[in-house]
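*Asks:* requesting a structural model of the entry that follows:
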Amino acid sequence: MLDLIRDSAFGHIVRLVTRNKYLQYPEEQDPEIWKKYVSHEKSGYAAYHGSTQPPENSHLIDELTQAHGVRSRDERHDSETSSRTVGDGVNEASGVRVDPEKGKDLHVIDWYGPDDPQNPRNWSRAKRYFVTFEICFLTFSVYIGSAIYTPGLMGVMAEFGVAQVPATLGLTLYVAGYGLGPLIWSPMSEIPQIGRLWVYIITLLVFVLLQLPTVFSINFGMLLAFRFLTGFFGSPALATGGASIADMYRPKKQVYGLAVWGIGAVCGPVLGPLVGGFAVQAKGWTWTIWELMWLSGFCWVFLFFFLPETSAPNILHRRTRRLRKLTGDDRLTCEADIMSQEMSAKDVVNMSLLKPITLNFTEPIVFLLNLFFGIASFTLFQAVLPYLSDAYPDSVASVLAGNDLMRSSFGAGFPLFATAMYKNLGINWASSLLAFLGIAFIPIPFALYKWGKQIRHKSKLARKDI
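*Replies:* So this is what the prediction gives:
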């Protein structure tokens, strides 16, 4: 429990205010423990050719391991590092000579081994289940905001003097907001220096506060504007939530975590009209918004104290910052910091703003499944989201942001014409039209089953080993 509080937003603030006196990490309690966090393999690769990844030529890896004296982690820590004499131009962490043209003399911080307890995939089962519940609760608290509005449509029409279709815009714009929001928030959560935690906490706080001007809207335009903004700021959980689940579970287990998360997403729209209906009958349409504020406000307090960071790159980035401060050694770095130093402002913009859009429309697998998902039942959560997460493990948040955009676009647009469609076509033909659209997309999963492997091999971003 203490590590949950330490890694939460509350814990971060306590550490900042007390200058890390309370809620300390192991390396702050034991000054010598930091040495086992240095990856001699990655440090050696960086010294050899400037990258933490192994050389493409396999025999060069053997040369690095044998000829250049890269030692195993156990050998490195069993020896007296402080008494070792290192020649000029040799990387101290690995024993590899630094290439004068391409090499970098760095000490690369990584997990100290496959059992590092700070790696989210090594958390205890109870801790992973608890954090999964938190993500599901957050997703439910936002998703319910769309359907909870619908029982109050008559009240909105009466108060602002508008017809049914304009009144429905309060639902449409909310859905459009949480469809567009992940295009900003999800890629931002993939930046190691930012992570997922503060994206959740800050946007949810804004989401809660925006319910007040929504309730006290003095005209219909104000109501619509704030419904869109609440959807926009509440959106991170709807795509980044799946990325947080993928952070905690290994590929073979991710499908179960994503299935549970999908249940949380489905329950929101299902229970929204039921919860909102009682409030409308008793107090009027504004009480649906009050209920949404109370629910999301409680969720924010809960997450503020108990939601930890799940992004592995962000955890390693913060570990590196702590070790630099403790040791005063500027050579200590991590892969995320190396990558950020090599990125231009244009690269940051591409990753933060354009990545979900480009992934959605340039990757055939992502586009076809998102298109299929956008007009299909939410039961496809159980199949499509795990597939996308497995196929694009390094870009889960961005891929799911594109998925959210696609399905939310249909969700936002259909309520505007659904009433007229059923009125003009009748129940039989209107329902049949939707069925025909569904039939048209039946071949997509079969096509991906047969040719998916070839498509993934042609992609620069998809996994090639599944």
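
*Asks:* pLDDT weak spots in this protein?
*Replies:* Within the chain, the ranges that satisfy pLDDT under 70 run 48, 56-88, 93-94, 99, 344-345, 347-357, 360, 369-390, 393-416, 464-466.

*Asks:* spatially central, which residue of it would that be?
*Replies:* Averaging the C-alpha coordinates of the chain gives a centre point, and the residue nearest to it by Cα atoms, centre = their mean is residue 240 (2.7 Å).

*Asks:* now do the SS call for the nearest residue to residue 420 once chain neighbours are set aside.
*Replies:* If you skip the residues right next to it in sequence, residue 420 has residue 165 as its closest partner in space, 7.8 Å away by Cβ to Cβ, 6 or more residues apart in numbering. Bear in mind the C-beta positions are built from the backbone N, C-alpha and C, glycine included. Judged by DSSP: H, G, I helix; E, B strand; the rest coil, the three-state class of residue 165 is helix.

*Asks:* so what does the helix or strand hosting residue 260 touch, helix or strand wise?
*Replies:* Here residue 260, judged by DSSP states H and E, is contained in helix 251-283. With contacts defined as 3 or more Cβ pairs under 8 Å, 6 or more residues apart in numbering; DSSP states H and E, the secondary structure elements packing on helix 251-283 are helix 125-147, helix 236-248, helix 286-306, helix 381-391.

*Asks:* tell me the domain ranges of this protein?
*Replies:* Per the record, the chain has its domains at 2-108, 120-313+350-458, by automatic domain parsing.

*Asks:* nearest to residue 315, of the helices and strands packed on helix 251-283?
*Replies:* Evaluated with Cβ to Cβ, the helices and strands packed on helix 251-283 place helix 236-248 nearest to residue 315, the distance being 9.4 Å.

*Asks:* now that closest one, how far from the centre of its chain.
*Replies:* Taking Cα atoms, centre = their mean, to the nearest Å, one finds helix 236-248 lying 4 Å from the centre of the chain it belongs to.

*Asks:* next, the angle from it to helix 125-147.
*Replies:* With axes from the mean of the first three to the mean of the last three Cα atoms, to 10 degrees defining the directions, helix 236-248 sits at 160 degrees from helix 125-147.

*Asks:* and helix 236-248, C-alpha only, in PDB?
*Replies:* Taking C-alpha atoms only, helix 236-248 is exported to PDB below (Å, rounded to 0.1, in the frame of the first residue of the first chain):
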ATOM      1  CA  PRO A 236      -7.800  10.100 -21.800                       C
ATOM      2  CA  ALA A 237      -9.100   7.100 -20.000                       C
ATOM      3  CA  LEU A 238     -11.000   6.000 -23.100                       C
ATOM      4  CA  ALA A 239      -7.800   5.300 -25.100                       C
ATOM      5  CA  THR A 240      -4.900   5.600 -22.600                       C
ATOM      6  CA  GLY A 241      -6.700   3.300 -20.200                       C
ATOM      7  CA  GLY A 242      -6.000   0.400 -22.600                       C
ATOM      8  CA  ALA A 243      -2.400   1.400 -22.700                       C
ATOM      9  CA  SER A 244      -2.200   1.400 -18.900                       C
ATOM     10  CA  ILE A 245      -3.600  -2.100 -18.900                       C
ATOM     11  CA  ALA A 246      -1.000  -3.200 -21.500                       C
ATOM     12  CA  ASP A 247       1.700  -1.600 -19.300                       C
ATOM     13  CA  MET A 248       0.900  -4.000 -16.500                       C
END
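
*Asks:* hmm, residue 232 is touching residue 178, no?
*Replies:* Yes - in terms of Cβ atoms under 8 Å, residue 232 counts as a neighbour of residue 178; the distance is 6.9 Å.

*Asks:* which of those two has more neighbours?
*Replies:* It is residue 178, of residue 232 and residue 178, that has more neighbours when counted by other Cβ atoms under 10 Å, with 29 against 24.

*Asks:* hang on, the earlier thing: hang on, isn't the residue nearest to residue 420 packed against residue 423?
*Replies:* No - counting by Cβ under 8 Å, residue 423 is not a contact partner of residue 165; they are 11.4 Å apart.

*Asks:* higher neighbour count, those two?
*Replies:* Each of residue 165 and residue 423 has its neighbours counted (other Cβ under 10 Å); residue 165 has more, 13 against 10.

*Asks:* how far does the helix or strand containing residue 213 sit from the chain's center?
*Replies:* Here residue 213 sits within helix 197-215, counting by DSSP H and E. Computed by Cα atoms, centre = their mean, the chain-centroid distance of helix 197-215 equals 18 Å.
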